[in-house]
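Asks: next input, structure requested:
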Amino acid sequence: MTTTDDSGPVGHAPHLAKLIETSGGGPIDTDRASGVLLGLAAGNLLGLPVEGVGRDTIRSRYPQGIREIDPREVRRPMDDDLAQAVDLAEALTHDPDPVTGFANRLVKWRNENGRGIGIMTSTVIDYLEVGLGAPGAAKAFWQERGSPETQPNGALMRCAPVALRYPMQSAQLIAQTATTCAVTHYAPGAQWSCIVVNAAIAMLLRGAEPIRDDLVLAASQDGAPAELISWMLAIPDDIAQRIADERVSGHTYLCMQTALWCLDASGTLEEALVRIVSAGGDTDTNGAVAGAVLGARYGAAAIPERWLHCVPDRKRIDRATRALLNAG
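Replies: Presented below is the predicted three-dimensional model:
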């Protein structure tokens, strides 16, 4: 399907910006901030062994749920969710033009590692490599092959560093979330799902407890796609049942819905992540995005130490978090 949508990256969302600005008020909680990328890493790694596997098969293999990360991961290259998030974090703090810098980093990463990369992202990076630039490369892909039914979660999995960089600058948070999303994912739904999740993360970092209804109202007033609003309004108590529906596996709206479910999830960070990953589907990305939100909600101290021991290049991740906070 060819689409003619040419609205460009989302430039502003004033109601969401105001919602962020009026939430919390104290200094950024450093433990919560550290929890964002570490939670993303833990969720990504926890879901890797069962990516694409159905819930019933997972239940038969793991009757108690998926509770352990393969310890060999600490010596392996980062998977795409984590690798792209760290590259984005470093582009936001090291590159004069973060969008161009991030695009260049993606080309380098794909050519040197590329572990777990999705077909769409790899194709857009091909376009970047031949000089289409950002967001031209993603725009070309979207106009040639995009459709509302196939808006993948490949930008949502990595967007959290923007919330770490701009928790106190809501307008910049929204604009940079959209433009860095559009380096590879031009679809409006992809951009808006990243904006909504980053708004929630920023509010958590500011010490607030985001209320879903407030996020829905603000996003609706800002002109977010009607389908996205419908997904925001339809978050079930049993998120595992929704995730298990293979017809929508990998869609950015389902991943956003999973992240927003984490705002009110009962129990511990570990229990919530195990529940999400054990539901099957796009387990590594659902785990990564949920882990970022849960890390912002509960803090790094809530992430099981046995999981953190398995995170590759932990020093680089912690350094990226510190740089993002210092830049803000």
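Asks: quick check: what element follows the one helix or strand in the chain whose mean pLDDT sits lowest along the chain?
Replies: Least confident helix or strand of the chain, by mean pLDDT, DSSP states H and E, is helix 239-243 with a mean of 92. Using DSSP states H and E, the helix or strand that follows helix 239-243 in sequence is helix 252-261.
Asks: related to what we said a few turns ago, show me the contact partners of the least confident helix or strand of the chain.
Replies: Helix 239-243 is contacted by residues 55, 236, 249, 254, 257-258, 261, 265, 275-276, 278-281, 286 when judged by CB atoms under 8 Å, 6 or more residues apart in numbering. To be clear about C-beta, it is placed using only N, CA and C from the backbone, and glycine gets the same treatment.
Asks: how does it look with 10 Å?
Replies: 55, 65, 231, 234-236, 248-249, 254-255, 257-258, 260-262, 265, 272, 275-283, 286, 290 (CB atoms under 10 Å, 6 or more residues apart in numbering).
Asks: now do the buried residues in it.
Replies: 239-240, 242-243 (16 or more other CB atoms under 10 Å).
Asks: circling back: list only buried entries from the contacts of helix 239-243.
Replies: In the contacts of helix 239-243, the ones that pass as buried (16+ other CB under 10 Å) are 55, 65, 231, 235, 248-249, 254-255, 257-258, 260-262, 265, 272, 275-283, 286, 290.
Asks: so what's the nearest residue to residue 310 once chain neighbours are set aside up against?
Replies: Counting by CB to CB, 6 or more residues apart in numbering, residue 69 is the residue found nearest to residue 310 once chain neighbours are left out, at 4.1 Å. Residues in contact with residue 69 (CB under 10 Å, 6+ apart) are 41-49, 304, 306-311.
Asks: from these, list just the buried residues.
Replies: 41-49, 304, 307, 310-311.
Asks: narrow those to those in helices?
Replies: Of the positions in the buried ones among the contacts of residue 69, 41-47, 307 sit in helices, assigned by DSSP state H.
Asks: closest one of those to residue 101?
Replies: Checking these against residue 101 by CB to CB gives residue 41 as the nearest, at 21.7 Å.
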